[in-house]
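In: let me see the structure of the following:
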Amino acid sequence: MSAVRGSREGALAEAFVGLADTLVADYDVIELLHRLATECVDLLRVDAAGLLLSDQRGALRVVASSSEEARLLELFEVQEDEGPCLDCFHTGQPVSVADLRKVDTWPRFAVRAQEAGFRSVHALPLRLRSEVVGALNLFGVEPGGLRSDELRVGQALADVATIGILQERAIRHRDVLAEQLEVALHSRVAIEQAKGVLAERHQLDMDVAFALLRNYARASSQRLSDLARGVVEGNAQVPAPH
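Out: Numbering: from 1, shown residues only. Below you'll find the predicted structure:
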């Protein structure tokens, strides 16, 4: 008994270390989620796993699965807008069904799941505090629930993945903001240079030169920064004020 327990604890430790090791620079969040699905099947009394993740508009997408049957069932769930993963995502609470033959909450999903060979399902939220970013579905070919310790392990694995997802989104958001700031700074430099060109060319003060540049950009339906770069590079002409 102790050897079995030690083996299971070792497998759990290895799974968490493996998931944590994926959270490095330039890691692939999809690979992380596929690994999560595989680890759930290896560590829990389930036969398949699938993950739904919300996009930036809040719509759920199938992003990972341990088998083709699980992937197709998740797609069916999203297309029909019915199933445990959707309820789990919208409420932020776990959903467990020990026997799909005895549930009437999602009639179309229950039938489709049984056709795919599954008899039980458990959904766990991908959640960090109040933010829910998706849900993890665990499927069993036999009826029956998961023990409380198994649900805790499943939720802990989902929590690690959630941290990875939010970290990746934060990095991407930070990179976008940095890129936007860099573009804005370059545009500002071009505008200042264009003001100087126009001020010297037409003998204007800098404020009048800027007003001339901005008014001409509006009148000619050009972006101010694009026109400014054209003036600096000699590819655009701004007429003198009347």
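In: switch to C-alpha atoms for all contacts and neighbour counts from now on
Out: OK.
In: for whichever strand or helix holds residue 227, name the packing helices and strands.
Out: Secondary structure assignment for residue 227, by DSSP states H and E: helix 224-233. The criterion is 3 or more C-alpha pairs under 8 Å, 6 or more residues apart in numbering; DSSP states H and E, and the helices and strands that helix 224-233 contacts are helix 148-202, helix 206-219.
In: buried residues in it?
Out: 224, 225, 227, 228, 229, 230, 231, 232 (16 or more other C-alpha atoms under 10 Å).
In: average pLDDT across that helix?
Out: For helix 224-233, mean pLDDT rounds to 90.
In: how far off centre is it?
Out: 37 Å (C-alpha atoms, centre = their mean, to the nearest Å).
In: show residues contacting it.
Out: 187-188, 190-191, 193-194, 197, 213-214, 217-218, 236-238 (C-alpha atoms under 8 Å, 6 or more residues apart in numbering).
In: mind putting those into a markdown table with neighbour count?
Out: Formatted as a markdown table, the contacts of helix 224-233 follow (neighbours: other C-alpha atoms under 10 Å):
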| residue | neighbour count |
| --- | --- |
| 187 | 17 |
| 188 | 15 |
| 190 | 22 |
| 191 | 23 |
| 193 | 16 |
| 194 | 25 |
| 197 | 19 |
| 213 | 23 |
| 214 | 19 |
| 217 | 18 |
| 218 | 11 |
| 236 | 13 |
| 237 | 14 |
| 238 | 18 |
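In: which of these sits closest to residue 53?
Out: Closest approach between the contacts of helix 224-233 and residue 53, by C-alpha to C-alpha: residue 187, at 36.5 Å.
In: now do the same contact list for the closest one.
Out: So residue 187 contacts 225, 229 (C-alpha under 8 Å, 6+ apart).
In: likewise for residue 143?
Out: 98, 99, 100, 119, 120.
In: tell me which two of these sit farthest apart.
Out: Greatest spatial distance in these: 98 and 119, 7.5 Å, computed using C-alpha to C-alpha.
In: between the two, which one's more packed in?
Out: residue 119 (22 against 18; other C-alpha atoms under 10 Å).
In: let me know the pLDDT of residue 93.
Out: We have a pLDDT of 94 for residue 93.
In: before we move on, the earlier item: turn the contacts of helix 224-233 into TSV, including distance to residue 82 and pLDDT.
Out: Output for these, formatted as TSV (distance: C-alpha to C-alpha, whole Å; pLDDT from 0 to 100):
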residue	distance to residue 82	pLDDT
187	48	81
188	50	78
190	53	88
191	54	86
193	58	92
194	58	91
197	63	92
213	56	90
214	53	86
217	51	89
218	50	85
236	57	87
237	60	88
238	60	88
